[in-house]
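*Asks:* quick one, what's the 3D model for this:
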Amino acid sequence: MMEQYAIKGGNPLVGEVEIGGAKNAALAILAASVMTDETVMIENMPDVRDTNVLLQAISSIGGIVERIDRHTVKINGSQIHDLVIDGDYIKKIRASYYLLGALLGKYKKAEVALPGGCNIGSRPIDQHLKGFRALGAEVNIAHGLIIAQADTLRGNHIYMDVVTVGATINVMMAAVMAEGMTIIENAAKEPHVVDLANFLNSMGANIKGAGTDVIRIRGVAKLHRTEYAIIPDQIEAGTFMFAAAVTKGDITVKNVIPKHLESISAKLLEIGCEIEESDDAVRVVASRKLRHTHVKTLPYPGFPTDMQPQIAVALGLSNGTSIVTESIFENRFKYVDELARMGGSVKVEGNTAIINGVERYTGASITAPDLRAGAALVLAGLAAEGFTTIDEIRYIERGYEDFPQKLKSLGAQIELVDTDKALQKFKLCAG
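*Replies:* Numbers count the residues shown, from 1 in each chain. Got it, this is the predicted structure:
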């Protein structure tokens, strides 16, 4: 038996939970940290599978990686000798391609295996390649590798055809040490784009406008050492906020930036939760039956695609009919069949899910189809009557640190089990 989560539902989740560093910001910042020959210290790094794989990749090409503690790492990129990144492990994570922008910017050459990650729809890399080419690089795809090289990189005016976080980040890294001025129009505005820009600026880069749709980058000759703490993870925070809604609980998420959570808070208010904000915490109380609503995922500051499965699980328990429209990834409703096993009533048409609220979910054996949907199904299990087991939890571990432990601290009955005996024991103890 593979590892799975065993859950007994029915307990309202109550208490406080500390949110870790943002996975997506960490991946960009770790990649960028090799762009100087001096030692960089990064704090508030989440200890999740994706960040660990990226650190492994940095080590494999000659970067010196020193784990100070679970959430702090020192990286020195002065000894990098290999500009080809092609291990089986690296294909498992999407953000491996950030090493392209970082290495191309610093060494004017890089080869990185085409990335994998969660199968939530096609994530074309054409905007990345277009951006690199605009800076003067020659880019080809051969033998499963993206190969980029340039004699010199020169700043340019780049208009993104679609708002894309990955390409905004990658082109920003490549442009930091290009000659002259780069202007990225229709840039992504996500908090982790801003966090990367702040990190690069702390290393001596000259980036203005991150967080708006026009980013201006004046190239510098080199970058220097820095110490930097990663922003809190808005998606981890949002997941626990919805855990309160789904289980009729009362949860305070701590160590967050409430501004980054506004689109999530607004929807929770709309469906009948109470929200209290302080400087670095948000409390969500769900004391009455949830109301239905409509939601459409959009680039930041809109409602995040990474929160779409979580809100769908909550709306599945609300009064009336809700509509969820997914405008970012086309393959993001794979969890609907799993929710149906638990008694959920969801019909998918194209990029829209029509959700009829049911009185309750019931426990079932289900499988996590990807990272965020996996977390959402855990929430469904915690709200459900009876026992639920969730397989393929490695997806969930890609982006949530200590997920079962944090849920347990809020009163959830959840256990990581890897044998039938452990599962039976959990069922006996949970009663």
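
*Asks:* how close does Val193 get to Thr389?
*Replies:* 38 Å (Cβ to Cβ, to the nearest Å). Any C-beta I mention is one placed from the backbone N, CA and C, and that applies to glycine too.

*Asks:* distance of Ala167 from Glu338?
*Replies:* Here the criterion is Cβ to Cβ. By it, Ala167 lies 32 Å from Glu338.

*Asks:* how many neighbours does Asp418 have?
*Replies:* By the criterion of other Cβ atoms under 10 Å, Asp418 has 11 neighbours.

*Asks:* what segments of the stretch 251-400 of the chain are strands?
*Replies:* Remark: strands assigned in the stretch 251-400 of the chain by DSSP state E, counting those that start in this stretch are 274-277, 281-285, 294-296, 321-325, 345-349, 352-356, 365-367, 387-391.

*Asks:* possible to save those strands as a markdown table with mean pLDDT?
*Replies:* Shown next, in a markdown table, are these (pLDDT from 0 to 100):
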| stretch | mean pLDDT |
| --- | --- |
| strand 274-277 | 98 |
| strand 281-285 | 98 |
| strand 294-296 | 98 |
| strand 321-325 | 98 |
| strand 345-349 | 97 |
| strand 352-356 | 98 |
| strand 365-367 | 98 |
| strand 387-391 | 98 |
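
*Asks:* may I have stretch 342-356 as PDB, with CA atoms only?
*Replies:* Written as PDB, here are the backbone C-alpha positions of stretch 342-356 (Å, rounded to 0.1, in the frame of the first residue of the first chain):
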ATOM      1  CA  MET A 342     -18.500  11.500  -1.700                       C
ATOM      2  CA  GLY A 343     -22.000  12.600  -2.700                       C
ATOM      3  CA  GLY A 344     -21.100  15.900  -4.300                       C
ATOM      4  CA  SER A 345     -23.300  17.100  -7.200                       C
ATOM      5  CA  VAL A 346     -21.200  18.900  -9.800                       C
ATOM      6  CA  LYS A 347     -21.600  19.000 -13.500                       C
ATOM      7  CA  VAL A 348     -18.800  20.200 -15.700                       C
ATOM      8  CA  GLU A 349     -19.400  21.800 -19.100                       C
ATOM      9  CA  GLY A 350     -16.300  23.000 -20.800                       C
ATOM     10  CA  ASN A 351     -14.500  25.400 -18.400                       C
ATOM     11  CA  THR A 352     -17.500  25.700 -16.100                       C
ATOM     12  CA  ALA A 353     -18.700  23.700 -13.200                       C
ATOM     13  CA  ILE A 354     -22.300  23.800 -12.100                       C
ATOM     14  CA  ILE A 355     -22.500  22.900  -8.400                       C
ATOM     15  CA  ASN A 356     -25.700  22.000  -6.700                       C
END
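
*Asks:* who touches it?
*Replies:* 292, 312-313, 315-316, 320-327, 330, 333, 336, 339-340, 357-358, 360-364, 366, 380-381, 384, 388 (Cβ atoms under 8 Å, 6 or more residues apart in numbering).

*Asks:* quick revisit: higher neighbour count, Val193 and Thr389?
*Replies:* Val193 (24 against 20).

*Asks:* helix or strand: which one has the more buried one?
*Replies:* Per DSSP states H and E: Val193 is located in helix 191-202.

*Asks:* mind listing what's buried in that helix?
*Replies:* Across helix 191-202, burial judged by 16 or more other Cβ atoms under 10 Å covers 191-201.

*Asks:* of the residues you listed, which is the nearest to Gly63?
*Replies:* Checking the buried residues of helix 191-202 against Gly63 by Cβ to Cβ gives Phe199 as the nearest, at 16.2 Å.

*Asks:* list the contacts for the closest one?
*Replies:* For Phe199, the contact set (Cβ under 8 Å, 6+ apart) comprises 29, 32-33, 226, 228.

*Asks:* turn those residues into TSV, including secondary structure and neighbour count.
*Replies:* What follows is these, written out as TSV (DSSP: H, G, I helix; E, B strand; the rest coil; neighbours: other Cβ atoms under 10 Å):
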residue	secondary structure	neighbour count
Ile29	helix	27
Ala32	helix	31
Ser33	helix	28
Thr226	strand	18
Tyr228	strand	19
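
*Asks:* cool, thanks, signing off.
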